[in-house]
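A.B. asks: can't give you the sequence, but here's the structure:
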């Protein structure tokens, strides 16, 4: 009997090691994809508008100089025209747009991986957005991991929160309490929001609720309309026509999308957690049949 138990324990350990190895390889692959996308964005920013501007400004300025020397109105008009268009290309850079369904496709692999993780590890808990320590606060080297925004996905329905020591280690698998720590799906969008608003730890929750919808709809164009309001037990958000709406479709059948939120809903959770300094969880969500309207209820959790 003891030998059988030992065999079962050994088999379980081997299976867990194989699962962990697979997950780490998959995470490394996703990180490489993220780096590839970052390089692509850098290349997009290096558009040849500057070269075109120089090509127009050089003859334009030369024509203006010769028009003064030769007292020629024709050269003056040509020089002014070339200089105007050169200045226009110099200060106005074109923007490259990406179709919304491509953003869905890029995000789907992340959620499919998370679905596989929680299914293999038999997790039944929720996601908890844990805010980072402010950037201007000094932390010793062994606590540098606390500067990162993370999401803790618990194994149990009513877990405790990870200790400071556990979070500082930047580990993926946690044992006390059982769960995993990942980067939020909306972390990239949060960074774009902070480029518009600055460090959101320096503004209060009421101000964030007031200005965040316009940043998302008018500056980032990630949804047609957003309503965010404070309720007695937390924050309510209604998103109309989100760019990630296809992730909520029944065809995708993603499980993690409901407790993590799409990248946009995740970014809102990150912003709320970072502004308030409180652990934030998605209490529930509701999606309309056509996925045109998505509603989220965010609650705060005492550490």
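C.D. replies: Yep, that arrived. Not measured: the values here are computed from a predicted model.
A.B. asks: Residue 254 against residue 113, yeah?
C.D. replies: No: when contacts are counted by CB atoms under 8 Å, residue 254 is not listed as touching residue 113 (10.7 Å). To be clear about C-beta, it is placed using only N, CA and C from the backbone, and glycine gets the same treatment.
A.B. asks: of those two, who's got more company?
C.D. replies: residue 254 (20 against 17; other CB atoms under 10 Å).
A.B. asks: ok, which stretches of the stretch 151-300 of the chain are strands?
C.D. replies: With DSSP state E, counting those that start in this stretch applied, the stretch 151-300 of the chain shows strands at 173-175, 178-182, 225-230, 234-240, 279-287, 293-301, listed in chain order.
A.B. asks: If you average pLDDT over each of the ones you listed, which is lowest?
C.D. replies: Of all these, the minimum mean pLDDT falls on strand 173-175 (a mean of 83).
A.B. asks: and that one, which strands flank it?
C.D. replies: Here strand 173-175 is paired, per DSSP bridges, with strand 178-182 (antiparallel).
A.B. asks: Which of the residues in the strand it pairs with are classified as buried?
C.D. replies: Residues 179-182 are the ones in strand 178-182 that count as buried (16 or more other CB atoms under 10 Å).
A.B. asks: just stretch 65-77 next, same as before
C.D. replies: 67, 75-76.
A.B. asks: Tell me the first helix or strand C-terminal of the worst-scoring helix or strand of the chain on mean pLDDT.
C.D. replies: In the chain, the helix or strand scored least confidently by mean pLDDT, DSSP states H and E is helix 2-45, which has a mean of 58. Sequence-wise, the next helix or strand downstream of helix 2-45 (DSSP states H and E) is helix 49-70.
A.B. asks: So what's the gap between the following helix or strand past that following helix and the chain middle?
C.D. replies: Later in the chain than helix 49-70, the nearest helix or strand by DSSP H and E is helix 73-91. How far helix 73-91 lies from its chain's middle: 42 Å, per CA atoms, centre = their mean, to the nearest Å.
A.B. asks: so what's residue 263 scoring on pLDDT?
C.D. replies: On the pLDDT scale, residue 263 gets 92.
A.B. asks: residues in contact with it?
C.D. replies: 107, 185-186, 188-189, 244 (CB atoms under 8 Å, 6 or more residues apart in numbering).
A.B. asks: of all those residues, which comes closest to residue 279?
C.D. replies: Comparing the contacts of residue 263 against residue 279 with CB to CB picks out residue 186 as the nearest, at 15.9 Å.
A.B. asks: Wait, the closest one touches residue 268, no?
C.D. replies: Yes: here residue 186 reaches residue 268: they are 7.3 Å apart, a contact under CB under 8 Å.
A.B. asks: Mutual contacts of those two, please.
C.D. replies: In contact with both residue 186 and residue 268: residue 261, using CB under 8 Å, 6+ apart.
A.B. asks: More neighbours: which of those two?
C.D. replies: When residue 186 is set against residue 268 and neighbours are counted by other CB under 10 Å, the residue ahead is residue 268, at 30 against 27.
A.B. asks: Excluding chain neighbours, what is closest to the more buried one?
C.D. replies: The shortest distance from residue 268 to any non-neighbouring residue, by CB to CB, 6 or more residues apart in numbering, is to residue 237 (5.6 Å).
A.B. asks: Next, count neighbours for that neighbour.
C.D. replies: 24.
A.B. asks: Let me see the contact set for it.
C.D. replies: 226-228, 265, 268, 295-296, 298.
A.B. asks: Can you tell me who it pairs with across the strands?
C.D. replies: Residue 237 has these beta-bridge partners by DSSP bridges: residue 228, residue 296.
A.B. asks: how close does it get to residue 167?
C.D. replies: 26 Å (CB to CB, to the nearest Å).
A.B. asks: With residue 178 instead?
C.D. replies: Look at residue 178 and residue 167: by CB to CB, they are 15 Å apart.
A.B. asks: Give the residue spans of this structure that score low on pLDDT.
C.D. replies: Scanning the chain for pLDDT under 70 picks out 1-51, 53, 56, 86, 88-105, 134-139, 141-142, 144-145, 303.
A.B. asks: Please repeat the previous calculation with a cut-off of 80.
C.D. replies: For the chain, the stretches with pLDDT under 80 are 1-107, 125, 133-147, 157-160, 166, 168-170, 250-252, 302-303.
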